[in-house]
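Student: task: produce atomic coordinates for the following.
(2 chains)
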Protein chains: 2
Amino acid sequence: MTKDRLYLYDTTLRDGQQTQGVQFSTSDKQQIAAALDRLGVDYIEGGWPGANPTDSAFFEAAPSTRATLTAFGMTKRAGRSAENDDVLAAVLNAGTPAVCLVGKSNLFHVTEALGITAEENLENIRASIAHLVAQGREALFDAEHFFDGYLVDPGYARACLEAAQEAGARWMVLCDTNGGTMPGQIGRIVSDLIAAGLDGARLGIHTHNDTEQAVAGSLAAVEAGARQVQGTLNGLGERCGNANLTALIPTLKLKAPYADTLDIGVSDDALEGLTRVSRMLDDILNRVPMKQSAYVGSSAFAHKAGLHASAILKNPATYEHVDPARVGNSRIIPMSNQAGQSNLRKRLAEAGLEVEAGDPALARILDRVKDREAEGYSYDTAQASFELLARDELGRMPDLFEVKRYRVSVERRKNKYDRMVSLSEAVVVVKVDGEKKLSVSESMDETGSDRGPVNALSKALAKDLGRYQDAIDDMRLVDFKVRITQGGTEAVTRVIIDSEDGQGKRWSTVGVSPNIVDASFEALLDAVRWKIIRDEVPS
Amino acid sequence: MTKDRLYLYDTTLRDGQQTQGVQFSTSDKQQIAAALDRLGVDYIEGGWPGANPTDSAFFEAAPSTRATLTAFGMTKRAGRSAENDDVLAAVLNAGTPAVCLVGKSNLFHVTEALGITAEENLENIRASIAHLVAQGREALFDAEHFFDGYLVDPGYARACLEAAQEAGARWMVLCDTNGGTMPGQIGRIVSDLIAAGLDGARLGIHTHNDTEQAVAGSLAAVEAGARQVQGTLNGLGERCGNANLTALIPTLKLKAPYADTLDIGVSDDALEGLTRVSRMLDDILNRVPMKQSAYVGSSAFAHKAGLHASAILKNPATYEHVDPARVGNSRIIPMSNQAGQSNLRKRLAEAGLEVEAGDPALARILDRVKDREAEGYSYDTAQASFELLARDELGRMPDLFEVKRYRVSVERRKNKYDRMVSLSEAVVVVKVDGEKKLSVSESMDETGSDRGPVNALSKALAKDLGRYQDAIDDMRLVDFKVRITQGGTEAVTRVIIDSEDGQGKRWSTVGVSPNIVDASFEALLDAVRWKIIRDEVPS
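Tutor: So this is what the prediction gives:
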């Protein structure tokens, strides 16, 4: 049987930016676009050119992608031609191969929100789409409020789609803008449209999660014959979010009836990167990843119930609907010390620490990780700090140097030009090979800008470590993430620091304290200790 | 038309406890049971008596509820009678009016996990349910892995339900234990069962969220004729969670076709308490509430897109599928660079700043918000900082005081007991009414713990502000959020601070700088200025 092609349209960079609290920078957008392209979506909607500086900057330096880069805008306004609409012109000026224009398809909105006639709105759709096509662009029409509009006046809602179809739109996208339509209703309406002569191969679906059914609504439209699905990574989006592509993609790839009847552009290999893509987006947004997310959450394959855990050990299919490895996730069996220890040995071996099965230190390491995670630490990314903890329990942590004390100050005052300026200064006192060393540094970078107290501390700590100086001279701090988290009953600060050496190798460390400077210093110290051990200590 | 009664069965206290990281105390369980009872669910599953000390303690001091309190357990094991099964006896000893027993209905599991014959399993179901009925209990049979089992052997899966039905079970509950069944499939199977002679009025549905479709799967079963829905508050539960009652209840109460054809036990009044119940559960679990949750999330009715926000002001139905007040939630129109002038005027009016339409300051405010967001600021939540920015552009920002300079130090060294301890000290110099004031504070809290440099700065800034002292004496810092973001081309730190006054009123402010202490100080300063203006400046 030949399979139908189903197209994936990502709107993380446009509708995803409507999430409360989300404000992508241009470089965030570039990173996300690259990840989406590797994943294999067909369209990347980059934003609305002209609507805000970030979106305009993104299109000005548009990335080169295999996916079709798409600009978003709206149909021309009434009372002017498509050629003379400056908002539409800004969208076209972005020069993308595809353009998606939102327009009304609900008669209530045409009269209530726009205050124009039914025919004027149809003409706006027709003329705008025809203008895109005349410019050689692939044209998409987002039919806003389509399903609500279909209930108000099905003939008019359909006429809006037909106007776009006849003007040459490649896709007519049915939007459940307010997110309140039930999946069953979506399926019935899509079937009716196709029965009435619209081409299912040109229909798309765009849902929102206001009743927690955006994924189901999208799949209902696909089952009824729509062949484009719009959504966002991690379900970002206005209000409750858009249809979550991170949940939709594995279902389409792995599960009946979709996997048997439809092809999507995501390869098996790319699917195995899905969990990483999801976590990367959370990192960019500095959000705590949702543990319970379908497929990619850290709890998605965690088997806590005792009955489940013991059956899983016999046969994973007893309590798993798919193999976690297919989406790059992994199984967690908190009940089973056995599974924990074999994973741990594997992780230690990767760090060059071979440990015999059954070594009692393994249980001690697991306990200590558990205790520290209860205090607010996290070792998911801070692999270097984890290695130091393990070395300590294994008795393989060499004495390197001791920090006797440190002091850092931040001062803000007027300079001689009467401008407020800040400066930080740090003093670190260490003892290396019996010798006490005082180092002082300030936070000014080469351009004369203040980089703050953590920068000053980092420089002072790395200034003079005696015979270890060679090992640390080529390391630098490349990223610094801060999160407020719970340590027991108190809110504490968790700092994760990424460091890099001269060869571009990166490692991550973690520190936790109610005092943000202390937490940062702990992570800095781990970063330095890890680097010295790697370079200087014979394994 | 008479409506069918649909029963709600809550399993927050049992399946919800399988959530990774969730461990209810007995008193947590009592609080949650009381809230569920007020909400109007029909059944409260309290736990598994005998399985762990918390569950046993909960049933020993069982709360008196209008809802039917239910104990959970499993069908008797093979090779002994129901009367002589000690696990079953412990469940019955809890003395609840209803008992729900889980048993196998998937032939693969009968042989693979239990290692017994098909007929032995049927006999276990029959004998266990008959035993409950003989003891005068309302009996429920949870058919584990029902949908997967139906695909393996539909006749056998149905025979398990029939065994329970014939033995007198009030409910046969169809469990999608692994969470992988599509809603369409669930609907078709429920229809087939009813066509084959099972009584829909005795069928329940229990789904999991492993494909993000638990709510849709439950509703598909209800549409096909099942009359009991099982779920949890906030979608707690094993792996990705159970069907989320917090999303299901409003859909059943407010939306077609359910609201027109079915009655549930939740009153209109109780529904208005739903958002509070959801937040209360997060409080008990010490979790940050999910902003994007359907109906009850703080973003569920937040309109960030400029086009949406302006239409909402004309008529809320344009972009809302239900009225937020029905579920005790409220509408938010956040300030961000997506917003337009009408949205802005409304936001200003709420802050007591009436501005004429067309005032040129409106465009200046929008431009400044845009510029600042490009530098890394965010005004979605930091409403108080936004108000100060607007006052400045409107020429309505009074001169309050001037910060001349500040200095803060963090020192870590050994104390006299040879333990490493930290202490921060801050000096802030302000000029109020022509008078220069120096204030110094340190970071120790009442318990002697160091709370870090931002705490010390906050105390020093609020120590002596002359005639404004009264206004700020009752304010305190309640939350502190940090993220690294992009300000132009450089990474900068964005700090958002939440402050609270003596009446519990909260406000949020933002600061941005490459130096985390500077960013924090800027947000602190805005917090103090906003409070003084609110209390002291005649509007």
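Student: any idea of the mean pLDDT in stretch A:525-532?
Tutor: What stretch A:525-532 shows for mean pLDDT is 96.
Student: CA atoms of it as PDB?
Tutor: Written as PDB, here are the backbone C-alpha positions of stretch A:525-532 (Å, rounded to 0.1, in the frame of the first residue of the first chain):
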ATOM      1  CA  LEU A 525      35.200  25.100  42.100                       C
ATOM      2  CA  ASP A 526      33.900  21.800  40.700                       C
ATOM      3  CA  ALA A 527      34.700  23.000  37.200                       C
ATOM      4  CA  VAL A 528      38.300  23.700  38.100                       C
ATOM      5  CA  ARG A 529      38.800  20.500  40.000                       C
ATOM      6  CA  TRP A 530      37.300  18.400  37.200                       C
ATOM      7  CA  LYS A 531      39.700  20.000  34.700                       C
ATOM      8  CA  ILE A 532      42.800  19.500  36.800                       C
END
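Student: show residues contacting the one helix or strand A:A471 maps to.
Tutor: Secondary structure from DSSP states H and E places A:A471 in helix A:469-472. Applying CB atoms under 8 Å, 6 or more residues apart in numbering or on different chains, the contact partners of helix A:469-472 are A:A462, A:L465, A:V528, A:K531, A:I532, A:R534, A:D535, A:E536. Using the backbone N, CA and C atoms, a C-beta is placed for each residue, glycine as well.
Student: please convert these to TSV, extending it with secondary structure, distance to chain B and neighbour count.
Tutor: Listed next are these as TSV, based on DSSP: H, G, I helix; E, B strand; the rest coil; distance: CB to the nearest CB, whole Å; neighbours: other CB atoms under 10 Å in any protein chain shown:
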residue	secondary structure	distance to chain B	neighbour count
A:A462	coil	17	22
A:L465	coil	18	21
A:V528	helix	16	23
A:K531	helix	22	22
A:I532	helix	21	21
A:R534	helix	26	17
A:D535	helix	27	14
A:E536	helix	25	14
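Student: for these, which one is nearest B:A302?
Tutor: Nearest to B:A302 among the contacts of helix A:469-472, counting by CB to CB, is A:V528 at 43.8 Å.
Student: enumerate every residue touching the closest one.
Tutor: The contact partners of A:V528, taken as CB under 8 Å, 6+ apart, are A:L461, A:A462, A:L465, A:I472, A:M475.
Student: show the pLDDT at the residue of the stretch 201-350 of chain A found nearest chain B.
Tutor: Residue nearest to chain B within the stretch 201-350 of chain A (CB to the nearest CB): A:H321, separated by 2.5 Å. We have a pLDDT of 95 for A:H321.
Student: remind me which residues of chain A are low pLDDT?
Tutor: A:1, A:305-307, A:309-310, A:333-340, A:343, A:380-381, A:486-490, A:537-539 (pLDDT under 70).
Student: now the contacts of helix A:469-472 in CSV, with distance to B:F521?
Tutor: Shown next, in CSV, are the contacts of helix A:469-472 (distance: CB to CB, whole Å):
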residue, distance to B:F521
A:A462, 27
A:L465, 32
A:V528, 29
A:K531, 33
A:I532, 35
A:R534, 38
A:D535, 39
A:E536, 40
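Student: up against chain B, what does the stretch 351-500 of chain A have?
Tutor: A:404-414, A:422, A:424, A:443, A:449-454, A:479-484, A:486, A:491, A:493 (CB under 8 Å from any CB of the partner chain).
Student: among these, which ones are in strands?
Tutor: A:404-414, A:422, A:424, A:479-484, A:486, A:491, A:493 (DSSP state E).
Student: picking that back up, please identify the buried residues of the helix holding A:A471?
Tutor: Neighbour-count burial for helix A:469-472, counted by 16 or more other CB atoms under 10 Å in any protein chain shown, picks out A:A471, A:I472.
Student: from the chain's centre, how far out does that helix sit?
Tutor: Centroid displacement of helix A:469-472 relative to its chain, using CA atoms, centre = their mean, to the nearest Å, is 35 Å.
Student: restricting to C-alpha, output that helix in PDB.
Tutor: Taking Å, rounded to 0.1, in the frame of the first residue of the first chain, the C-alpha atoms of helix A:469-472 are listed here in PDB:
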ATOM      1  CA  GLN A 469      48.100  26.500  36.600                       C
ATOM      2  CA  ASP A 470      48.900  24.900  33.200                       C
ATOM      3  CA  ALA A 471      45.800  22.700  33.500                       C
ATOM      4  CA  ILE A 472      43.400  25.600  34.000                       C
END
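Student: list the residues that contact A:E435.
Tutor: A:G466.
Student: quick revisit: now which of the residues of the stretch 351-500 of chain A next to chain B would you call buried?
Tutor: Among these, those classed as buried by 16+ other CB under 10 Å are A:404, A:406-412, A:422, A:424, A:443, A:450-454, A:480-484, A:493.
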